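Student: I'll drop the sequence and a predicted model, then ask my questions.
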Amino acid sequence: MTKDQTMGLEHKFCRIETPITVDDGLKIEGYASLFGKADNGGDVVERGAYAASLDKLKAAGRGVKMLWQHDPTQPIGVWDEVREDETGLFVKGRLLGDVEKAREAAALLSAGAIDGLSIGYRTVKATKTNKGQRLLSELELWEVSLVTFPMLPEARVGSKGNETDAPLDTVLREIAGAFEAARETLARDNTPNRHP
């Protein structure tokens, strides 16, 4: 998890057990967040954490943004469906073929070069558990990004038709996950006035 100092948003990187699928080069779907699973930052998202935020967005006629690497200057598509189910936060959408970065993202996803989803959110309600974790019970969801380095290294996302990784790819993913976890820990330990 990181904090975006300019917008006050937190980011949660997630490689998930159910693969993200890529159809027709531009349609994607998968889980952006899993319920009940502790990430490397010690956060656990509770079932129902996104419900109020999704209802509020729907009532306002707005949607969750699809960004590239959490960059607000790089929207790459639209999420046509964002909903909670028993597993987590399911997203389904389209990369926009007229956007250069979206075409690049589609190619990278299809090749398995990127395989992560990450949420940008604000914490509304959270409690500390006796294990030292944050239990996130209400989140204000702003965006879901396609990312290079996810927060849950033991889970994976792949493009449709790429069910297994070559051994070198697996090792590189594990190394990237370890570096990301170390970076997140250092950032969390060095952030003054961190509030749950």
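Tutor: Received the coordinates, thanks.

Student: which residues of this structure score low on pLDDT?
Tutor: 1-25, 150-196 (pLDDT under 70).

Student: hmm, 50 instead?
Tutor: 1-6, 15-16, 153-173, 192-196 (pLDDT under 50).

Student: which residues in it form helices?
Tutor: Along the chain, the stretches classed as helices by DSSP state H are 51-59, 100-111, 167-189.

Student: Which strands or helices does the shortest one pack on?
Tutor: Under the contact criterion of 3 or more CB pairs under 8 Å, 6 or more residues apart in numbering; DSSP states H and E, the helices and strands touching helix 51-59 comprise strand 71-84, strand 116-128, strand 134-147. The C-beta positions use only the backbone N, C-alpha and C, and glycine is treated the same way.

Student: Indicate which one of those is closest to residue 30.
Tutor: Checking the helices and strands packed on helix 51-59 against residue 30 by CB to CB gives strand 116-128 as the closest, at 6.1 Å.

Student: Pairing partners for the closest one, with directions?
Tutor: strand 9-14 (antiparallel), strand 134-147 (antiparallel) (DSSP bridges).

Student: before we move on, the earlier item: give me whichever of the helices and strands packed on helix 51-59 is most buried.
Tutor: strand 134-147 (a mean of 22; mean count of other CB atoms under 10 Å).

Student: Residue 52 is in contact with residue 138, isn't it?
Tutor: Yes. Applying CB atoms under 8 Å as the test, residue 52 and residue 138 come out as touching, 6.1 Å apart.

Student: Can you pull the residues that touch both of these two?
Tutor: residue 124 (CB atoms under 8 Å, 6 or more residues apart in numbering).

Student: which residues touch the nearest residue to residue 132 once chain neighbours are set aside?
Tutor: Spatial nearest neighbour of residue 132, chain neighbours left out: residue 42 (6.2 Å); criterion: CB to CB, 6 or more residues apart in numbering. Neighbour list for residue 42: 132-134 [criterion: CB under 8 Å, 6+ apart].

Student: Mind putting the helices and strands packed on helix 51-59 into TSV with distance to residue 48?
Tutor: Listed next are the helices and strands packed on helix 51-59 as TSV, based on distance: least, CB to CB, whole Å:
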stretch	distance to residue 48
strand 71-84	7
strand 116-128	11
strand 134-147	7
